[in-house]
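Visitor: all I have is the shape, not the residue letters:
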């Protein structure tokens, strides 16, 4: 449910670092709590955000929630598939349901994120 | 979730079926079992069963029951006869809405009001205060009565398997209180809150699990789905049915809410009548309309509606519509903007997104 190779935030997002870039998505717990995801408001490529800043919105049938940037970074790409298939968040939160990919500004900020075991304890 | 919420008689069933429990005005109820969209589609295509035991039931009984009910409700109780159901708003003196409810006539001097759970205590106080000079007993039966709704094109076929009277004899907005589901005597009405054909079943609280089990078993071959509050809301929304706290409130009168056919200004008198007559004379200032988004975004309750930078109304309900697969809203707007097919802007967070006004309801079932 919570892969070992990812880092996690208190806002129920995950981060996967790949070649100096970081993929960001929401955790299995988050998608389960949200229920059917029906809409995402995503940032533009090139926009810069600070750690903790809202970079987008995720909406389920009944709820509207902010997406928060796990570390400082610049948007290098967004998952365009989510525009037509927001349900990918529910179906494959760690794979096809990724949300954005960023260029990390300060790799040391990654140390402030949780590993899978710590994260799992927060949602028990 | 806090353990202090009230439990309906089906609480254990919800847990067993994997319901995601939420606090709904102090009641522990499932918002969904498998998913709102899946449950929504089950009701539109087959059938769904809902626990609505949280709804309030208030009895008005006694020699003055008819004039008392007539004074209370905005619709005309003369339309009722034994075995008939009437939908009506009840109003404050200023015309604002106390609640919207169903009136069941069991006898000339015996009525049952089915009210919103969130308003039940307020309603009971309001009724007690305002009907004190009538010779009636006003009794809160909410904790003695369980309620289920079975809704969808297969609802009749499923319920008929376990109900001992002929359901085809129960027409729209009529009920029978002489039949039983299995061994359990109950009241069955052809009513609902989904825009589909279906029934609501009232029984002794302790009989609710037994009836639920029998219907679930009977529904196996029909694809009957247990359904939560989530799809109850999206279903009523598509069908253009108002929800108290959204399209109806103390600040919105029933004429603005498009409920003219449920308000009888010709009858002798009722609470709020004078104010509503004034509204008619001066012209209704606001109206409830549908909005279909043209830009990408979901309108939600409280979002401003604008035209040329001027605020002309507010979204009262909005969601992604599972049946129409569109982002839709219901809004209360100044009357001059209430015609269909007008372009409006909805302020969604920082952005202004385009939508157009459309007629309600968004969805109407095909009569079979």
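Guide: Arrived safely, thanks for sending. Note that this is a predicted model, so its numbers are computed, not measured. Numbering: from 1, shown residues only, chains lettered A, B, ... in the order given.

Visitor: give me the secondary structure label for the residue of chain A found nearest chain B.
Guide: Here chain A gets closest to chain B at one residue, residue A:38, 3.8 Å apart by C-beta to the nearest C-beta. Backbone N, C-alpha and C define where each C-beta goes, glycine included. Of the three states, residue A:38 takes strand under DSSP: H, G, I helix; E, B strand; the rest coil.

Visitor: which ones are touching it?
Guide: By C-beta atoms under 8 Å, 6 or more residues apart in numbering or on different chains, the residues touching residue A:38 are A:59-61, A:86-87, B:37, B:298, B:319-320.

Visitor: what parts of chain B come near chain A?
Guide: Residues of chain B lying close to chain A by C-beta under 8 Å from any C-beta of the partner chain are B:20, B:31-32, B:35-37, B:230, B:233-234, B:296-298, B:300, B:319-320, B:322, B:327, B:349.

Visitor: residue closest to the middle of chain A?
Guide: Of all residues in chain A, the one closest to the mean position by C-alpha atoms, centre = their mean is residue A:25, 2.5 Å from it.

Visitor: got the contact list for stretch B:59-67?
Guide: With C-beta under 8 Å, 6+ apart as the test, stretch B:59-67 has contacts from B:68-69, B:77, B:108-113, B:127, B:131, B:134-139, B:141.

Visitor: ChimeraX command to pick out the buried ones of those residues?
Guide: The command below creates a ChimeraX selection of those among those that count as buried (16 or more other C-beta atoms under 10 Å in any protein chain shown):
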select /B:68,69,77,109,110,111,112,113,127,131,134,136,138
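
Visitor: contacts only, for residue A:81.
Guide: Neighbours of residue A:81 in contact, by C-beta under 8 Å, 6+ apart: A:88, A:96.

Visitor: and it, how far is that from residue A:63?
Guide: In this structure, residue A:81 and residue A:63 are separated by 22 Å, where distance is defined by C-beta to C-beta, to the nearest Å.

Visitor: just checking, which of the contacts of stretch B:59-67 belong to helices?
Guide: When helices are assigned by DSSP state H, the members of the contacts of stretch B:59-67 inside them are B:68-69, B:127.

Visitor: please report the number of neighbouring residues for the nearest residue to residue A:30 once chain neighbours are set aside.
Guide: Closest residue in space to residue A:30, ignoring its immediate chain neighbours: residue A:12 at 3.7 Å, by C-beta to C-beta, 6 or more residues apart in numbering or on different chains. Burial measure for residue A:12: 21 neighbouring residues, criterion other C-beta atoms under 10 Å in any protein chain shown.

Visitor: okay but residue A:12 is in contact with residue A:24, surely?
Guide: No - with contacts counted by C-beta atoms under 8 Å, residue A:12 stays clear of residue A:24, the gap being 11.6 Å.

Visitor: now do the SS call for residue B:159.
Guide: Here residue B:159 is recorded as helix under three-state DSSP.

Visitor: which parts of stretch B:334-345 are buried?
Guide: The neighbour-count check on stretch B:334-345 (16+ other C-beta under 10 Å) flags B:337-338, B:342, B:344-345 as buried.

Visitor: who's in contact with residue B:216?
Guide: Contact criterion C-beta under 8 Å, 6+ apart gives B:49, B:224, B:226 as the residues in contact with residue B:216.

Visitor: three-state assignment of the closest residue to chain A within the stretch 101-250 of chain B?
Guide: Shortest the stretch 101-250 of chain B-to-chain A distance, computed as C-beta to the nearest C-beta: residue-wise this is residue B:230, at 5.8 Å. The local conformation at residue B:230, judged by three-state DSSP, is helix.

Visitor: list the contacts of it.
Guide: A:35, A:61-62, B:31-32, B:36, B:39.

Visitor: at 6 Å instead, please
Guide: By C-beta atoms under 6 Å, 6 or more residues apart in numbering or on different chains, the contact list for residue B:230 reads A:62, B:31-32, B:36.

Visitor: what's across from the residue in the stretch 251-368 of chain B positioned nearest to chain A in the sheet?
Guide: With distances taken as C-beta to the nearest C-beta, the stretch 251-368 of chain B approaches chain A most closely at residue B:320, which sits 3.8 Å away. The residues listed as beta-bridge partners of residue B:320 by DSSP bridges are residue B:327.

Visitor: what sits against it?
Guide: A:38, B:298, B:327.

Visitor: tell me the residues of chain A that contact chain B?
Guide: In this structure, chain A approaches chain B at residues A:35-36, A:38-39, A:59, A:61-62, judged by C-beta under 6 Å from any C-beta of the partner chain.

Visitor: try it again at 10 Å.
Guide: Within chain A, the positions adjacent to chain B are A:32-33, A:35-41, A:54, A:57, A:59-64, A:66, A:83, A:86-87, A:90 by C-beta under 10 Å from any C-beta of the partner chain.

Visitor: if we can go back for a sec, out of the contacts of residue B:320, the closest to residue B:195 would be?
Guide: Minimum distance to residue B:195 across the contacts of residue B:320 is 18.6 Å, recorded for residue B:327 (C-beta to C-beta).

Visitor: what is the burial count for that closest one?
Guide: Under the neighbour criterion other C-beta under 10 Å, residue B:327 is assigned a count of 25.

Visitor: likewise the one 3 residues further on?
Guide: When neighbours are counted by other C-beta under 10 Å, residue B:330 registers 27.

Visitor: that one reaches residue B:338, doesn't it?
Guide: No - the pair formed by residue B:330 and residue B:338 falls short of the contact definition of C-beta atoms under 10 Å, at 12.0 Å.

Visitor: so for the two, which residues contact both of them?
Guide: Contact criterion C-beta atoms under 10 Å, 6 or more residues apart in numbering or on different chains; residues shared by residue B:330 and residue B:338: B:258, B:288-289.
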